[in-house]
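In: Attaching a predicted model along with its sequence, questions to come.
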Amino acid sequence: MHLIQQVLFISVLSAVAYVFIKKSLSIYRNIMLGKAFNSYSSSSERMKNMLLVGLGQKKMFARPIAAIFHLFIYAAFVITQIELIEIVLDGILGQHRLLGNAMQGTSLAGLYNFTISFIEILSLLALIATFVFLSRRNLIKLPRFNMAELKGWPMKDANFILLGEIFLVTCIFTMNSADFALQARGNEHYHFTGNFVLSQYIASIWSGCSDTTIILFERLGWWGHIIGIFGFLVYLPFSKHLHILLAFPNTYFSRTEAKGYISNMPEITREIKYMMDPTQPAPEANPDMKFGARDVQDLTWKNLLDAYSCTECGRCTSACPANLTGKKLSPRKIMMDTRDRLEEVGKVIDTKGKWEDDGKKLLHDYITQEELSACTTCNACVEECPINISPLDIIVQLRRNLIMEESNAPAEWNNMFGNIETNGAPWKFSQQDRGNWSNEM
Ligand code: SF4
Ligand code: SF4
């Protein structure tokens, strides 16, 4: 029986590792379709960003109640990995509580009991947080969780994971409480490994059951827990929950320039410099030159990493003045569209072996001119994002393409561009008249 379980476990583990690694490599390939990004400046500041914003979740605490519940789930997820190491080792080696048994009789025995008890407390807190998050989405229906872009799969995705969390915690307590009951009865395969802080009380539910029944539930809890984790691993790269992993590189590579800084286009800078000072070398004509971004391959790989890292929390959209005043723009949708388009491009490469134009573009087919024109470039979305994503950077690049390659701008903007070109200012007054205000002085 042990051998069958061992073989089954190793087979499932290998299949899960294969699917997870394959999809992860395809995501990496997709991200690297982006253009170069200057990512290696000021590494100490980047590391600080990652520790504070990624690991420490500093920006989450701008909304403290949600942050505390999120912290429960996050801490439970991280700390449970310790128990997971033991479960995987047990599964491969056909053992039961390998680490717990090895620590018994040594000075580390208390540490094992403390770790399992700590995991149980965090699991209970995570369970409470899960019900709060499910209620916010499905009962209270917070506006930012019920916007158009979340209808359908994104809403289901969020709920699946929360329901999965309830399943995992139920399995943990079933496994631990049944294990504790068997330990207390002195069952030969279940040696004493500690008084698990919550399961020692839950174990009373097994009092009227036979050893065989309790072992069955202990195994169901154990297998349910590990299958749940494996299922989560397979599901993760297809879900917004990929942020659990990508939040770290994403915060590390997030911009360190001043908040209002918008990067120039070097091609334009060279042209302007030459216009202002014709003694400068004339810029070389390049008929292939592109302005801004039209599709995902024209964005930087950091923009694409942003898209895969987005948690779809909607904090950006809830702070966006354009969205708040009823415009069509939602910065969260910008990130979701970029990810969807990138996935679509990746699928073409997977099926055809290389990129072949599929007749679609991020601009227009996913993100419309109306959305792009509504952005005030206020930076509020970037400021709000808990993992330093910049929807603004994508908006600006798409808008540059819209205006400089398609001359596709609202009429009011075209007047302004004309004024800047002829008068050197957004208003329609000649440069010669600029000093007129002083005539009466
Ligand atoms: S920069 Fe644009 S998208 Fe971001 S919050 Fe401001 S208006 Fe909205
Ligand atoms: S861009 Fe940031 S704030 Fe906006 S939905 Fe994604 S993770 Fe949330």
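Out: The structure has been received and is ready for your questions. Ligands and ions are numbered 1, 2, ... in the order given.
In: ok, the closest residue in space to A36 that isn't next to it in sequence to ligand 1 distance?
Out: Once flanking residues are discounted, A36 sits nearest to T300: 6.9 Å by C-beta to C-beta, 6 or more residues apart in numbering. All C-beta atoms are positioned from the backbone trio N, CA, C, and that covers glycine. When distance is defined by C-beta to the nearest ligand atom, to the nearest Å, T300 is 18 Å away from ligand 1.
In: Wait, T300 touches K35, no?
Out: Yes. If you go by C-beta atoms under 8 Å, T300 and K35 touch, sitting 5.0 Å apart.
In: Lowest-scoring secondary structure element of this protein by mean pLDDT?
Out: helix 266-276 (a mean of 82; mean pLDDT, DSSP states H and E).
In: And the contacts of the next helix or strand after that one?
Out: Using DSSP states H and E, the helix or strand that follows helix 266-276 towards the C-terminus is helix 301-309. Here helix 301-309 makes contact (C-beta atoms under 8 Å, 6 or more residues apart in numbering) with 27, 30-37, 39, 242-243, 246-247, 249-250, 253, 296, 335-336, 338-339, 342, 387, 389-391, 393-394, 397.
In: Same check on stretch 333-343?
Out: 30-31, 33, 148-149, 154, 295-296, 299, 303-304, 306-308, 310, 312, 316-317, 360, 362, 365-367, 371, 389, 391, 394-395.
In: just how off-centre is that stretch within its chain?
Out: Distance of stretch 333-343 from the chain centroid (C-alpha atoms, centre = their mean, to the nearest Å) equals 13 Å.
In: before we move on, what about stretch 288-303?
Out: Taking mean C-alpha positions (C-alpha atoms, centre = their mean), stretch 288-303 and its chain are 22 Å apart.
In: How far away from the center of its chain is the longest helix anywhere in the chain?
Out: Looking across the chain with DSSP state H, the single longest helix is helix 153-184. Mean-position distance between helix 153-184 and its chain equals 23 Å (C-alpha atoms, centre = their mean).
In: same question, stretch 294-314
Out: Worked out by C-alpha atoms, centre = their mean, stretch 294-314 lies 10 Å from the chain centre.
In: Now that stretch - C-alpha only, PDB.
Out: What follows is stretch 294-314, C-alpha atoms only, in PDB (Å, rounded to 0.1, in the frame of the first residue of the first chain):
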ATOM      1  CA  ARG A 294       1.200  49.400 -31.500                       C
ATOM      2  CA  ASP A 295       1.400  45.900 -30.200                       C
ATOM      3  CA  VAL A 296       2.900  44.100 -27.300                       C
ATOM      4  CA  GLN A 297       6.200  43.500 -29.000                       C
ATOM      5  CA  ASP A 298       6.700  47.300 -29.200                       C
ATOM      6  CA  LEU A 299       6.400  47.600 -25.400                       C
ATOM      7  CA  THR A 300       9.400  46.900 -23.100                       C
ATOM      8  CA  TRP A 301       9.700  43.600 -21.300                       C
ATOM      9  CA  LYS A 302       9.100  45.400 -18.000                       C
ATOM     10  CA  ASN A 303       5.600  46.500 -19.400                       C
ATOM     11  CA  LEU A 304       5.000  42.800 -20.200                       C
ATOM     12  CA  LEU A 305       6.200  41.600 -16.800                       C
ATOM     13  CA  ASP A 306       3.800  44.200 -15.300                       C
ATOM     14  CA  ALA A 307       0.900  42.700 -17.300                       C
ATOM     15  CA  TYR A 308       1.600  39.200 -16.000                       C
ATOM     16  CA  SER A 309       2.100  40.500 -12.400                       C
ATOM     17  CA  CYS A 310      -1.200  42.400 -12.200                       C
ATOM     18  CA  THR A 311      -3.400  41.200  -9.400                       C
ATOM     19  CA  GLU A 312      -6.500  42.700 -10.900                       C
ATOM     20  CA  CYS A 313      -7.200  44.400  -7.500                       C
ATOM     21  CA  GLY A 314      -8.500  47.500  -9.200                       C
END
